[in-house]
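>>> based on what follows, work out the 3D shape:
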Amino acid sequence: MEVKGKEVLVFGLGISGIGAGSLLEKRGAQVVLYDGNANLDKEEVKKKLGAESSARIIAGPFPEELLGELDLVVLSPGVPTDLPVIEKMREAGIEIIGEIELAYLFGKGEILAITGTNGKTTTTSLLGEIAKNAFDSVFVVGNIGNPYTTVVDETRPDSVIVAEMSSFQLESIVTFRPRVSAILNLTPDHLNRHHTMEAYIQAKENITKNQTEEDFCILNYEDEVLRTFAETLRAQVIYFSSARKLDTGIYLEDGHIIYRGTDGTEETLCDVEELQLLGTHNYENVMAASAMAIAYGVPMDVIRDTVKAFKGVAHRIEFVAEKEGVAYYNDSKGTNPDAAIKAVQAMKRPTVLIGGGYDKQSDFSEWIQSFDGKVKRLVLLGATKEKIAAQAEACGFTDYVFADSFDEAVKKAASAAAPGDAVLLSPACASWDMFKSYEERGDKFKEIVNSL
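Next up, the predicted model:
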């Protein structure tokens, strides 16, 4: 793509938008940066862009007179693709792409891309470590907090780009083609953005849309939607399963993770007791990352050594401390019910659970039903606390209390826990009603726990 001298609008000024703007300026585009937040600190944006930037910055209501000037629009992931102003851009015939597509068009190397409702960050981080132990030039990018656009100029033809892809990012790809892709699972999430489960699934499945017979797609055999989807793919499918032995693929059997090739040969990757990760969902993440690495030709001994050494990621069932016989776990990344179910299932002690937060229009019934005698008390806070309480009552779970602040929630949980118990922050909700991000929420939890 040639952008030199073209008028390009970057819509949305989070870290992805800043990265896209900088990349475009380096390629000679006339850049306009836009954000709907009228209170945006333009001076702060200018600082992030650097002194050499000549980009225009616009905040607040969109000036529609701009539509006649634009050659290209680059959407940040947080910008819904069905906004009225975006529809007007389409009607005006302006080309619209996402920041992932922009990075792909200018980047070099091959891509290993991961999506799914849950497990993306753990799988991406683990695959990134495997790749770093096997190749010279590796970049871990995407929804994991490192925009792809910011590393484009460092990539080279032999680079391996390990990318975590959200449904928001995949909505706006055009030619983006991973050499190996993975869809880990599909459960309801972000329905406030996608409106229907069908639209959400379609966004996730977009990860494969440009793959060919030379490429690979790793899928969860236990997800019925993905099994059906596999029949439509041009890419070669490799399944993983935590529930059954597969004819070919990677599976969990009697505590062992085993890979079975198309020729019928079997090789044991590891025993799950050798892993430093808790829970079946994490064994699935290990299988997915390993299958991607195998498909890409990484030697099994490199994969084996890396998965055994991998300690997991922050904010995902992260052990914080033990205080007076109570173990505290930070699962702030459990931002939807399915992720939070997996955290509850991973607990090996009676558990006091902290839940609630921003409302993404989720249903919490299955989460509550998963407590199964393990959760002794539920401490609720945030915008969803009454909604969760009502669904808990409907499910016959009544041992819940409300907290008015995050600090109060942690302290109420601590006081309800006895020696031998666990306190688990796994909110089943996003953090945006009280915090800027799940990371900020998790860091606050760790700060309070360590001060107890």
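>>> so I173 makes contact with E205?
No. At 11.5 Å, I173 does not count as touching E205 under the criterion of CB atoms under 8 Å. Yep, even glycine has a C-beta here, placed from its N, CA and C like the rest.
>>> what count of nearby residues applies to K342?
Neighbours of K342 under the rule other CB atoms under 10 Å: 24.
>>> how about the nearest residue to the residue most central in space within the chain, chain neighbours excluded?
When CA atoms, centre = their mean is applied to the chain, the residue found nearest the centroid is K120 (4.7 Å). Using CB to CB, 6 or more residues apart in numbering and skipping residues adjacent in sequence, the residue nearest K120 is E164, 4.9 Å away.
>>> for that neighbour, grab phi and psi.
For E164, the backbone dihedrals (degrees, to the nearest 10) come out as phi -90, psi 120.
>>> for it, what are its contacts?
Residues in contact with E164 (CB atoms under 8 Å, 6 or more residues apart in numbering) are 113-115, 120-121, 124, 140-144.
>>> state the distance from it to V410.
Going from E164 to V410 by CB to CB, to the nearest Å gives 29 Å.
>>> identify the residues contacting L246.
The contact partners of L246, by CB under 8 Å, 6+ apart, come to 221, 239-240, 260.
>>> rerun at 10 Å
Neighbouring residues of L246 by CB atoms under 10 Å, 6 or more residues apart in numbering: 221, 238-240, 253, 258-260.
>>> F106 now?
Contact partners of F106, counting by CB under 10 Å, 6+ apart, are 1, 3, 23-24, 26-27, 148-149, 152-153, 155.
>>> one step back: now, which of the contacts of L246 lie within strands?
Under the assignment DSSP state E, the contacts of L246 contribute 238-240, 253, 258-260 to strands.
>>> let me know the closest of those residues to C270.
The nearest member of these to C270, counting by CB to CB, is I258 at 9.6 Å.
>>> shouldn't Q169 be in contact with G142?
Yes. Counting by CB atoms under 10 Å, Q169 touches G142, with 6.7 Å between them.
>>> overlap in contacts, these two.
If you check Q169 and G142 against CB under 10 Å, 6+ apart, the residues they both contact are 16, 77, 99-100, 113, 115, 148, 163.
>>> what residues sit buried inside stretch 279-299?
With burial defined by 16 or more other CB atoms under 10 Å, the residues of stretch 279-299 counted as buried are 279, 281-296, 298.
>>> contact partners for the residue nearest to A38 when sequence neighbours are not counted?
Residue nearest to A38 in three dimensions, not counting chain neighbours: G60, with 3.7 Å by CB to CB, 6+ apart. When contacts are counted by CB under 10 Å, 6+ apart, G60 touches 34-40.
>>> G60 and L67, how far apart?
16 Å.
>>> got it, and I100?
According to CB to CB, I100 stands 24 Å off from L67.
>>> surely K323 touches S415?
No. Assessed by CB under 10 Å, K323 is found out of contact with S415, at 11.8 Å.
>>> so for these two, which residue has more residues nearby?
Of the pair K323 and S415, K323 is the one with more neighbours under other CB under 10 Å, namely 15 against 10.
>>> the strands in the stretch 351-452 of the chain, which residues?
Remark: strands assigned in the stretch 351-452 of the chain by DSSP state E, counting those that start in this stretch are 351-355, 375-380, 400-402, 422-425.
>>> I'd like these as JSON lines, with mean neighbour count, distance to V225 and mean pLDDT appended.
Below are the strands of the stretch 351-452 of the chain laid out as JSON lines (neighbours: other CB atoms under 10 Å; distance: least, CB to CB, whole Å; pLDDT from 0 to 100):
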{"stretch": "strand 351-355", "mean neighbour count": "26", "distance to V225": "26", "mean pLDDT": "98"}
{"stretch": "strand 375-380", "mean neighbour count": "22", "distance to V225": "29", "mean pLDDT": "98"}
{"stretch": "strand 400-402", "mean neighbour count": "17", "distance to V225": "32", "mean pLDDT": "98"}
{"stretch": "strand 422-425", "mean neighbour count": "27", "distance to V225": "29", "mean pLDDT": "98"}
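>>> for L105, find the nearest of the ones you listed.
The nearest among the strands of the stretch 351-452 of the chain, by CB to CB, is strand 422-425 at 39.8 Å.
>>> other SSEs contacting that closest one?
strand 318-323, strand 326-330, helix 337-346, strand 351-355, strand 375-380, helix 406-416, helix 438-451 (3 or more CB pairs under 10 Å, 6 or more residues apart in numbering; DSSP states H and E).
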